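Trainee: Have a look; sequence and predicted model below, questions after that.
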Amino acid sequence: MNIKPLPARPNLEQYRKQAKDLVKKTGSKLADAQFTLAREHGFDSWPKFAKHIEALARKTSPISKFEQAAEAIIAGDAATLTRLLRENPKLIRARSTRVHRATLLHYIAANGFEDYRQKTPTNAVEIAKILLDAGAEVDAISDSYGGKDTTLVLVATSIHPKRAGVQIALLQLLLDHSAVADGVNPCLRNGRPEAAEFLAQHGAPLDLEAAAGLGRLELVQKLIGEGTSTQINCGLWWASEYGRNSVIDFLLDHGADLRAGEQTALPALHWAIVGGQLETVKLLLKRGASLEAKNQYGGTALGQAHWCVANADSGFDYAPIVKLLVDADAK
């Protein structure tokens, strides 16, 4: 979440002045200006924002203690976190007063809360164990993305635990503490195939879309009769991104649309490019994928490849794909 951080010692009067200055600058009502400031800092109302700031002035307030614990989690400060939980046992079930209403356990996911706190320390597994041993609710729901994600799903879809090399270990720890295995589809949508495979191996349910993204051809064949056109086309996208060529052939033979996602999302060819799947790009072109079909951003396949070269941090070598598209007369 793109939320502005608060200064070390926030002053409510300063924010009241900012609201008045905003009224003068924009001509808006004071209540609207106050609401704007509250939203910029992650609160859904001015009164909640004001209450939060006032509470931070008291180091012993529950809100202040929660914020200290959150900082300890992202810093990997096990000693401070342990002390805070020992002194304030109720912290373990407390929630942030910001709109996401995260518990402390959610903060290990580095996902779905204020972006300046989205960090994963190298000892994240130790930190998570401290929280779980203190009684954290393993399947508590965060309000970050529509109020449906557990810590496990947030960890599984987050880039930060992956980059820190602790994503799978965190998922295993959560499962060891009876977390519900779920989230394969969100993993595939967020470019986390390793987490998706791990969860599938540990009992997470698979629908047609998930089975296609994981390359489970036999399961795709079993589920195809029950799949909607949307599921079939989504399955084609994830099979394309992750290079599941046998699944792609099967889905195209059973109604998948190569142009699905054109103008509204990304067509299958574009997903294969994003995933760095050279052989899949060749297959899709052979099966009739359009080089000039545009994605939701107005980019063609070659435009998508150029974007990946400039912006992707996946580590894929996109040069062979660019050459292939140019050789195929992409404009």
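Mentor: Sure, I can see it. Note that the coordinates shown come from a computational prediction; the quantities given were computed from them, not determined experimentally.
Trainee: so Leu325 touches Ala301, yeah?
Mentor: Yes - with contact defined as Cβ atoms under 8 Å, Leu325 reaches Ala301; the gap is 5.7 Å. Glycine gets a C-beta too; all of them are placed from N, C-alpha and C.
Trainee: Need the overlap of contacts for these two.
Mentor: Residues touching both Leu325 and Ala301 by Cβ atoms under 8 Å, 6 or more residues apart in numbering: Leu291.
Trainee: When those two are compared, which one has more neighbours?
Mentor: Of the pair Leu325 and Ala301, Ala301 is the one with more neighbours under other Cβ atoms under 10 Å, namely 29 against 24.
Trainee: Quick check, pLDDT for the more buried one.
Mentor: pLDDT recorded at Ala301 is 98.
Trainee: tell me the contacts of it?
Mentor: 269-270, 273, 289-293, 325, 330.
Trainee: could you redo the last one with a cut-off of 7 Å?
Mentor: 269-270, 273, 291, 325, 330 (Cβ atoms under 7 Å, 6 or more residues apart in numbering).
Trainee: Now do the same for stretch 149-163: mean pLDDT, whole number.
Mentor: Rounded mean pLDDT across stretch 149-163 is 97.
Trainee: Could you check how far it is from the centre of its chain?
Mentor: Counting by Cα atoms, centre = their mean, to the nearest Å, stretch 149-163 is centred 7 Å from the centre of its parent chain.
Trainee: Okay, buried residues for it please.
Mentor: 149-162 (16 or more other Cβ atoms under 10 Å).
Trainee: One more: stretch 128-135?
Mentor: 128-132, 134.
Trainee: can you pull the alpha-carbon coordinates of it into PDB?
Mentor: Provided in PDB are the C-alpha atoms of stretch 128-135 (Å, rounded to 0.1, in the frame of the first residue of the first chain):
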ATOM      1  CA  ALA A 128       7.400 -15.700  12.900                       C
ATOM      2  CA  LYS A 129       8.000 -18.500  15.400                       C
ATOM      3  CA  ILE A 130       8.200 -16.000  18.300                       C
ATOM      4  CA  LEU A 131       4.800 -14.600  17.200                       C
ATOM      5  CA  LEU A 132       3.200 -18.100  16.800                       C
ATOM      6  CA  ASP A 133       4.600 -19.300  20.000                       C
ATOM      7  CA  ALA A 134       3.100 -16.300  21.700                       C
ATOM      8  CA  GLY A 135      -0.400 -17.300  20.500                       C
END
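Trainee: residues making contact with that stretch?
Mentor: Counting by Cβ under 7 Å, 6+ apart, 78, 81-82, 85, 92, 104-105, 108, 138, 170, 173, 177 sit against stretch 128-135.
Trainee: now stretch 19-27
Mentor: With Cβ under 7 Å, 6+ apart, stretch 19-27 has contacts from 28, 30, 33-34, 36-37.
Trainee: what does the model give Trp314 for pLDDT?
Mentor: Careful, residue 314 is Ser and not Trp. With respect to pLDDT, Ser314 has a value of 79.
Trainee: contacting residues around the nearest residue to it once chain neighbours are set aside?
Mentor: Once flanking residues are discounted, Ser314 sits nearest to Gly276: 6.4 Å by Cβ to Cβ, 6 or more residues apart in numbering. Contact partners of Gly276, counting by Cβ under 7 Å, 6+ apart, are 314, 316, 318.
Trainee: Tabulate the buried residues of stretch 128-135 in a markdown table, adding columns for distance to Pro121.
Mentor: As requested, the buried residues of stretch 128-135 are exported to a markdown table (distance: Cβ to Cβ, whole Å):
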| residue | distance to Pro121 |
| --- | --- |
| Ala128 | 10 |
| Lys129 | 13 |
| Ile130 | 12 |
| Leu131 | 13 |
| Leu132 | 16 |
| Ala134 | 18 |
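Trainee: quick one: which of these is nearest Arg58?
Mentor: Ala134 (23.2 Å; Cβ to Cβ).
Trainee: Could you measure from the closest one over to Leu85?
Mentor: Separation of Ala134 from Leu85 (Cβ to Cβ, to the nearest Å) stands at 5 Å.
Trainee: Now do the shared contacts for these two.
Mentor: Common neighbours of Ala134 and Leu85 (Cβ under 7 Å, 6+ apart) are Ile92.
Trainee: Leu131 in helix, strand or coil?
Mentor: helix (DSSP: H, G, I helix; E, B strand; the rest coil).
Trainee: where does it land on pLDDT?
Mentor: 98.
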